[in-house]
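[1] Sharing a model that was predicted from the sequence below.
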Amino acid sequence: MNKSIWIVIGFLALAAAWTMRIVGGNSSHLSELRDYWWIPLPLALICFLIAMKKK
């Protein structure tokens with residue numbers, strides 16, 4: 001896959017974590033999002049590491 005695709009996926013995972021944190025903090029019905037906002041962060045890290053890998 002192209003490096004730019006991995007970077008985009010990494011940023012999407014970071015955006016998902018941030019969104020989960022914000023939405024879960026504002027709604028008592030969605031408190032699970034606030035509890036598990038960190039789940040997408042390892043995916044973002046893996047994607048950024050793959051994008052930085054040299055061929």
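    All right, it came through fine.
[2] Lowest mean pLDDT among the helices and strands of this protein, which one is it?
    helix 31-35 (a mean of 88; mean pLDDT, DSSP states H and E).
[3] C-terminal to it, what's the next element?
    Downstream of helix 31-35, the next assigned helix or strand under DSSP states H and E is helix 40-52.
[4] for that following helix, packing partners?
    Applying 3 or more Cβ pairs under 8 Å, 6 or more residues apart in numbering; DSSP states H and E, we find helix 40-52 packed against helix 3-26. In this view, the C-beta of every residue, glycine as well, is placed from N, C-alpha and C.
[5] which strands and helices sit next to the helix it packs on?
    If you count contacts as 3+ Cβ pairs under 8 Å, 6+ apart, helix 3-26 packs onto helix 31-35, helix 40-52.
[6] residues making contact with the shortest one?
    Outside helix 31-35, the residues that touch it by Cβ atoms under 8 Å, 6 or more residues apart in numbering are 20-21, 23-25.
[7] center of the chain - which residue?
    In the chain, the C-alpha closest to the average C-alpha coordinate belongs to residue 13, at a distance of 2.2 Å (Cα atoms, centre = their mean).
[8] Pretty sure that residue sits against residue 40.
    Yes: contact criterion Cβ atoms under 8 Å: residue 13 and residue 40 qualify, at 4.2 Å.
[9] Thanks a lot, catch you later.
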